[in-house]
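Undergrad: take a look and give me a structure for this.
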Amino acid sequence: MLAVTGLSHAATAVALASLTGYGPNIETMLSPELAMRTAALACAAFGSLLPDIDEDHSLLGRRLPSCRLSRALLGITILYLGLKYNAPAAIITGGFFLLLAFATHRGVTHSVVAWAAVKVAAQSLIPTFWRPLLLGYSCHIIFDALTPAGVPLLWPIKMRFRLPLIRVGGKIDKWLGQAGGFIALSVALGIMPPLFYASPAITPITLLTKVPFTHKIVLKYNSLKHFISVL
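TA: Presented below is the predicted three-dimensional model:
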C-alpha cells in the first residue's frame, strides 16, 4: 500500500475539526452542545475514511459487500428510491455506489468529481455535520496527494497529482495519527484553543426547530410559555 493509513486520516480530520471549532471544548463539556460537537467529530472521521470506500481492505470497505455486483445492486436500489421520492442526496449516493462497482482503488473517489458529489449529498445534513464531513474528505485527498501514488484529481483524466513526502507506516504517517489525537484532546480539555471558532454548534433543542413537525410544537410551546408568563 502507498496510502496514508485510515487511523492517521481519521485522527488528522478530527484534529482539524477541533481546531476549527467544531469539536468539544472545556466550555461545552456539561452543555447540550456536547453530543452535537462529538457527533461533528464523528462526521469528520467518517468523511476522512470515505474516499477509501473503494478499497475492500479499508476500514469502510470491509463493511461493504466486496462483490462488484452487490455494490451495483445497492447503488441501483438507492438510486431508484432517490428518483422515486425526489431525494437528491439519495440519487447522488446511489450513483456513487454504482461507480464503486466499477472503480479501481484511489480512482474516482479521490477526485474533484467525487468531492463535489459528496458536498451536494452532505448538504442535506445540518452545517454542524456536513462541514466537518467535507473537511475530513478534503483532508484525505490532500494527504494522499502527498504519497508516491498521488491522486487523480481531474478524473476521468488519468493524470495524477503527487508530492511524495509521506510513506505508509513511515514516521510522518505515525506522527499524524499520534499528533491528531493529542490535538483533539488538548482542544477538548482547554489546553489548546481552536485556531478560530466555527458557527456555534447546533444543540438538540435547536435541531428540533429544523424539522417542520417539531418546529410547530416548539412554536406552540413558546407561545404557551409566553402566555403563562404574562398572566
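
Undergrad: mind listing what residue 81 touches?
TA: By Cβ atoms under 8 Å, 6 or more residues apart in numbering, the contact set of residue 81 is 87, 90, 94. Glycine gets a C-beta too; all of them are placed from N, C-alpha and C.

Undergrad: just give the nearest non-adjacent residue to the last one, would you?
TA: Read that as residue 94. residue 79 (2.8 Å; Cβ to Cβ, 6 or more residues apart in numbering).

Undergrad: what's the helix or strand for that neighbour?
TA: helix 68-84 (DSSP states H and E).

Undergrad: what mean pLDDT does the following helix or strand past that helix get?
TA: For helix 68-84, the succeeding helix or strand toward the C-terminus, using DSSP H and E, is helix 88-100. Along helix 88-100, the predicted confidence averages to a pLDDT of 81.

Undergrad: dump the C-alpha coordinates for the helix or strand that helix 88-100 is followed by into PDB.
TA: Downstream of helix 88-100, the first helix or strand assigned by DSSP H and E is helix 112-122. Extracted C-alpha coordinates of helix 112-122, given in PDB (Å, rounded to 0.1, in the frame of the first residue of the first chain):
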ATOM      1  CA  VAL A 112     -12.900  16.700  -7.600                       C
ATOM      2  CA  VAL A 113     -15.900  15.000  -9.100                       C
ATOM      3  CA  ALA A 114     -16.400  12.800  -6.100                       C
ATOM      4  CA  TRP A 115     -15.700  15.700  -3.700                       C
ATOM      5  CA  ALA A 116     -18.400  17.800  -5.400                       C
ATOM      6  CA  ALA A 117     -20.900  14.900  -5.200                       C
ATOM      7  CA  VAL A 118     -20.200  14.300  -1.600                       C
ATOM      8  CA  LYS A 119     -20.600  18.000  -0.900                       C
ATOM      9  CA  VAL A 120     -24.000  18.100  -2.500                       C
ATOM     10  CA  ALA A 121     -25.200  14.900  -0.800                       C
ATOM     11  CA  ALA A 122     -23.800  16.000   2.600                       C
END
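
Undergrad: and helix 112-122, which residues are buried?
TA: Judged by neighbour count using 16 or more other Cβ atoms under 10 Å, the buried positions of helix 112-122 are 113, 114, 115, 117, 118, 119, 121, 122.

Undergrad: that older thread, list the contacts for the residue nearest to residue 94?
TA: Residue 79 sits next to 90, 91, 94, 95, 98 when contact means Cβ under 8 Å, 6+ apart.

Undergrad: name the helix or strand for the most centrally placed residue in the chain, please.
TA: For the chain, the residue lying nearest the average C-alpha position, counting by Cα atoms, centre = their mean, turns out to be residue 133 (2.1 Å). Using DSSP H and E, residue 133 sits within helix 127-144.
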